[in-house]
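need a structure here:
(chains A and B)
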Amino acid sequence: MAEEELDILEQSELSLLETLDHVLNRGIVIAGEITISVADIDLIFLGLNVLLTSTETAQEVLGERERRATELERRVVDASEQTSEGSNE
Amino acid sequence: MSLYAYCLSDEVTMQMLRETRGLAGAALVLIEDEGLAAVVSRFEDDTVSVTRENVLAHQRVVQQVLTKTTPLPFRFGTLVNEARLRNYLALQRSALDAQLKRVRDCVEMSVKLIQNREAFESATVEQQLTVGNEVQSATDHGAEEQSAQSKISNNSESAAGTAYLKMKRRAFVGDELRQKRAEELASWLAARLVSVVRESEVSVRSEGTLFVKAAFLVERVRLEEYRARLRKAERERPEIHFLTSGPWPPYSFCDISS
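A predicted model of the protein is given here:
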């Protein structure tokens, strides 16, 4: 995370990120007993140890979800435009 | 229905948790096995959403225990049934006792070092220019040889190739410099705090601007001394941004896996 971005973040956000960094990536693991979901994307680990990289991973997953949503929206728009062009011919 | 597990301790009591609630406002319960207790609450779903509310609820419970004694925190999202948990406590008893002894009367303090971008880029460019001049000299020498050997050459392709190689070289040197810088900072930080910490876990990264990530196991009675040394270290390095936090439960110092 860039230093400039740190300056913009509120203290509460920094505190949450620090909390995520601790609770997601570290602590006692009972193998196969961690089941978490991030923003409707299920990350289910059965019979495996969790190997998350805390804040960065959570943010990457959320970012990927947004990217997919944007891509899906673009495809819908493209498809509707093609349909419109076809009906005009 | 599952149990959500927060932490383990051989000193925790319900009195310590009297006014604290767990995820989804659930009541906290102790699952005990011969003096060792897990702090848990009932949880209805199969997965635990990584939401602000849930993360803070997890942390709030473990932090409440930390105010009275030092527990071994479970990683966020640990769902288990009672039989599995009791089995775990029994089988891992000696390892858990060893970890509790390791962190007894301590807390975890976190330090992240982030380089001031302007200062680092300025220093990096200077070093890269030095290397670039060396590359340019070698390139010029090579170019003279090539010209002497062959009068037939594609000047634009040669120039583009040279520029590409120089760019790659600079990027490589930049990565090396960042790695070296990160390692130097990690050693410096560890040296500044070694006398006031029980243990440390330090990692470096050369990508992005987060250079050093450190966790220190500090005895509660030495916290003020630790903070004083850390403030002094910060003054020594004004070009470095110190992101400090704590006290935390010892998430980084309870490495048990089963």
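
low pLDDT regions in chain A?
Within chain A, the segments meeting pLDDT under 70 span A:1-14, A:31-77, A:79-80, A:83-89.

What count of nearby residues applies to A:I28?
By other C-beta atoms under 10 Å in any protein chain shown, 25 other residues sit near A:I28. From N, CA and C alone the C-beta is placed, and that goes for glycine too.

Dihedrals phi and psi, it?
Per-residue torsions, A:I28: phi -70, psi 140 (degrees, to the nearest 10).

Verify the stated contact: it with B:P250.
No. Judged on C-beta atoms under 8 Å, A:I28 makes no contact with B:P250 at a distance of 10.3 Å.

shared neighbours of those two, anything?
Shared contacts of A:I28 and B:P250 (C-beta atoms under 8 Å, 6 or more residues apart in numbering or on different chains): B:72-73.

so where's the stretch 151-258 of chain B uncertain?
B:151-157, B:170-171, B:173, B:206-210, B:257-258.

For chain A, what's its nearest residue on it.
B:Y251 (3.8 Å; C-beta to the nearest C-beta).

which SS state does the residue lying closest to that residue once chain neighbours are set aside fall under?
The shortest distance from B:Y251 to any non-neighbouring residue, by C-beta to C-beta, 6 or more residues apart in numbering or on different chains, is to A:R26 (3.8 Å). Of the three states, A:R26 takes coil under DSSP: H, G, I helix; E, B strand; the rest coil.

Report how many residues lie close to A:R26.
24.

Now the phi/psi pair for it, please.
phi -140, psi 170.

B:I114 contacts B:E239, doesn't it?
No. Using C-beta under 8 Å, B:I114 is not in contact with B:E239, being 10.4 Å away.

out of those two, which sits in the busier spot?
Applying other C-beta under 10 Å to B:I114 and B:E239 shows that B:I114 carries more neighbours, namely 20 against 11.

Helix or strand: which one has that one?
Secondary structure from DSSP states H and E places B:I114 in strand B:106-115.

Tell me the strands beside that strand, with direction?
Strand B:106-115 sits in its sheet next to strand B:210-219 (antiparallel), strand B:240-248 (antiparallel), going by DSSP bridges.

Counting neighbours, which bits of the last one end up buried?
Along strand B:240-248, these residues count as buried under the neighbour rule (16 or more other C-beta atoms under 10 Å in any protein chain shown): B:240-241, B:243, B:245-248.
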